[in-house]
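1. task: produce atomic coordinates for the following.
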Amino acid sequence: MIISRLILSLAPVLVLALALLLLDSYKLVKLSSALLSLIRGGLAALICLLVNTLLIKTLSMDFNDYSRFFAPLVEEATKASLFYYLIRKKRIGFLVDAAIHGAAIGAGFSVFENIVYLHRLSDAGMIIWFVRGFGTAVMHSACTAMFGILYKRAVDRIAEAKWRAIIPALVASAAVHTLFNQFLLPPVLMTMLIIIILPLLIIVIYENSERSLRSWLSMGMDEDMSMLEMILTGRSSETRFGQYLHSIRDYFPPAVVVDLFCYLRIYLELAIRAKGMLLLRQFGMNQAPDPAILEKLDEFKFLEKSIGKTGKLALAPFVRMGERELWQIYMIGER
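-> Here you go, the predicted structure:
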């Protein structure tokens, strides 16, 4: 009996998270990284267990009322904070890996939560574990994946305001969670709707993101290779790109100008290499870390400090440092 309860309460959400990981044709997220997000989700559940217990006692609220109106915001905010950490650390570059990490965090949360409930509700019938496994657990994973997708999309538009971007995504995930906790429909029917609607919605968004990624790879590769070729062949002076670079010489000391050109060249080389790695991964091929590339990455980081913020602003038209670009530099440097 305990085995059946474990399967019903834990397997569905883990299968959902694994399905998203397997759908990732570019292998943006390593299995080890997904497992780490799963563990983070379990940690979030432990934190929420302590916080929710404290708030229920402090507010002197009935457990059911607290679960319906307060718990969703506390739990979604805690999971969101872990996702925010991943964004800050440049671990997420696209909606695809945002969905995977979000689903993994939600899965880890629900796995820990259901293990606790397995202990507390040891006499509960199988229907309870069906609802908790296919309903509550999948809801947790889907809500966090949805938060990740919405937040990442907002960050891509307003990268300088990551905290402001988090609010709409958090409100959306907390609203879905709150609606689920109202049990406006019978639990089994609500669970069936969750199983059908939320995973399907995430997969549709996921597929759209993969198409966006393919487009970015194709266009970005062409632009980067064109600029690098102009720099290496010396033909850049014939273009607006070259004329702009030439004008930089009038505003910086000669030594800084040399660093600026080296920085731009290495950035383009790393960007091309990173996109090439993603294309190879699509066909199931992985490259071992290249010591020469790792040396270039170290040089890139040194030059980044050398040219300072002013130099980076001067190269901003060509060195795009949005979330995707920062992510690809991080990815190629994984040792």
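
2. hey, which helix or strand in the chain has the poorest pLDDT?
-> Ranked by mean pLDDT, DSSP states H and E, the weakest helix or strand in the chain is helix 323-332, scoring a mean of 68.

3. now the closest residue to residue 281 other than its chain neighbours: how far from residue 131?
-> Leaving aside its chain neighbours, residue 281 sits nearest to residue 27 (4.2 Å; criterion: CB to CB, 6 or more residues apart in numbering). Using the backbone N, CA and C atoms, a C-beta is placed for each residue, glycine as well. As for residue 27, its distance to residue 131 is 34 Å (criterion: CB to CB, to the nearest Å).

4. compare neighbour counts for those two and give me the winner.
-> Neighbour comparison, residue 27 and residue 131: the larger count goes to residue 131, with 21 against 17 (by other CB atoms under 10 Å).

5. what residues does that one make contact with?
-> Counting by CB atoms under 8 Å, 6 or more residues apart in numbering, residue 131 makes contact with 187, 188, 190, 191.

6. CA atoms only: put stretch 52-70 into PDB for me.
-> Output of stretch 52-70 as PDB, limited to C-alpha atoms (Å, rounded to 0.1, in the frame of the first residue of the first chain):
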ATOM      1  CA  ASN A  52       3.500  28.500   7.400                       C
ATOM      2  CA  THR A  53       3.400  26.800  10.800                       C
ATOM      3  CA  LEU A  54       4.700  30.000  12.400                       C
ATOM      4  CA  LEU A  55       2.200  32.300  10.600                       C
ATOM      5  CA  ILE A  56      -0.800  30.000  11.400                       C
ATOM      6  CA  LYS A  57       0.100  30.200  15.100                       C
ATOM      7  CA  THR A  58       0.800  34.000  15.000                       C
ATOM      8  CA  LEU A  59      -2.400  34.800  13.100                       C
ATOM      9  CA  SER A  60      -4.400  32.300  15.000                       C
ATOM     10  CA  MET A  61      -6.000  31.200  11.800                       C
ATOM     11  CA  ASP A  62      -7.800  28.000  10.800                       C
ATOM     12  CA  PHE A  63      -5.500  25.700   8.800                       C
ATOM     13  CA  ASN A  64      -8.000  25.500   5.900                       C
ATOM     14  CA  ASP A  65      -8.500  29.300   5.700                       C
ATOM     15  CA  TYR A  66      -4.700  29.800   5.800                       C
ATOM     16  CA  SER A  67      -4.200  27.200   3.000                       C
ATOM     17  CA  ARG A  68      -6.800  28.900   0.800                       C
ATOM     18  CA  PHE A  69      -5.700  32.500   1.000                       C
ATOM     19  CA  PHE A  70      -2.200  32.900   2.500                       C
END
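
7. where exactly do the helices run in the stretch 201-335 of the chain?
-> 240-248, 254-282, 291-314, 323-332 (DSSP state H, counting those that start in this stretch).

8. lowest average pLDDT across the ones you listed?
-> Between those, the one with the least mean pLDDT is helix 323-332; it has a mean of 68.

9. can you give me the helices for the stretch 1-150 of the chain?
-> Using DSSP H, counting those that start in this stretch, helices in the stretch 1-150 of the chain cover 2-23, 31-59, 63-69, 71-88, 95-120, 126-130, 138-157.

10. can I get the ones you listed in JSON lines including mean neighbour count, distance to residue 180 and mean pLDDT?
-> Output for the helices of the stretch 1-150 of the chain, formatted as JSON lines (neighbours: other CB atoms under 10 Å; distance: least, CB to CB, whole Å; pLDDT from 0 to 100):
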{"stretch": "helix 2-23", "mean neighbour count": "18", "distance to residue 180": "14", "mean pLDDT": "85"}
{"stretch": "helix 31-59", "mean neighbour count": "17", "distance to residue 180": "16", "mean pLDDT": "95"}
{"stretch": "helix 63-69", "mean neighbour count": "13", "distance to residue 180": "10", "mean pLDDT": "92"}
{"stretch": "helix 71-88", "mean neighbour count": "20", "distance to residue 180": "8", "mean pLDDT": "94"}
{"stretch": "helix 95-120", "mean neighbour count": "25", "distance to residue 180": "12", "mean pLDDT": "92"}
{"stretch": "helix 126-130", "mean neighbour count": "16", "distance to residue 180": "15", "mean pLDDT": "85"}
{"stretch": "helix 138-157", "mean neighbour count": "25", "distance to residue 180": "5", "mean pLDDT": "89"}
